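**Q** Quick one: sequence and predicted model below, then my questions.
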Amino acid sequence: MDLERMQGEIKAHMEGQGVKQTPELMLIGAMEEIGEISRALLKHRQRIMGYTRGKYLAEISDGVGDVIIYLSQLCQETGLSIESSLMEAAYRVLNRTYAERLAEKGLKVVADQNEQMADETDERDCGDK
């Protein structure tokens, strides 16, 4: 199924269920799902609440899918195409040169963001010993 078709089918399904969709509600829903993704990442990194790699990845996958659906419906409610929006953003990202932009600000590109995040987390003493 392509994104345009998915966007229309989800709208029809939601309307059939009597679910009210406004741009504001779709944005709030997407933000709530991003919060769930953040929680999964945090609990996995803290190694608490039984967040095995499998549980972590399942929750991330579920949250990402839900965010895309909410954003699809935000686009639908504002008359935009999720596919066109995504393709235009991808084009802009692929044509950016981050190293040059960061160098202008006196910053550098980090090759592995996950490694940097782990290093920064390890360097801080949160007092949880």
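**A** Here it is on my side, so go on.
**Q** so what does the longest helix along the chain touch, helix or strand wise?
**A** Across the chain, the longest stretch assigned as helix under DSSP state H is helix 53-78. Under the contact criterion of 3 or more C-beta pairs under 8 Å, 6 or more residues apart in numbering; DSSP states H and E, helix 53-78 touches helix 3-16, helix 23-46, helix 82-94. Placement of C-beta: from N, CA and C, glycine included.
**Q** Point out where this protein drops to low pLDDT.
**A** 111-129 (pLDDT under 70).
**Q** show me the contacts for the residue nearest to Cys75 when sequence neighbours are not counted.
**A** Using C-beta to C-beta, 6 or more residues apart in numbering and skipping the chain neighbours, the partner closest in space to Cys75 is Ile82 (4.5 Å). By C-beta atoms under 8 Å, 6 or more residues apart in numbering, the residues touching Ile82 are Leu3, Glu4, Met6, Gln7, Ile68, Leu71, Ser72, Cys75, Gln76.
**Q** Swap in 7 Å and give it another go.
**A** Contacts for Ile82 (C-beta atoms under 7 Å, 6 or more residues apart in numbering) come out as Leu3, Gln7, Leu71, Ser72, Cys75.
**Q** and what of Lys20?
**A** Taking C-beta under 7 Å, 6+ apart as the test, Lys20 contacts no residue whatsoever.
**Q** one more time with 10 Å, if that's ok
**A** The contact partners of Lys20, taken as C-beta atoms under 10 Å, 6 or more residues apart in numbering, are Met14.
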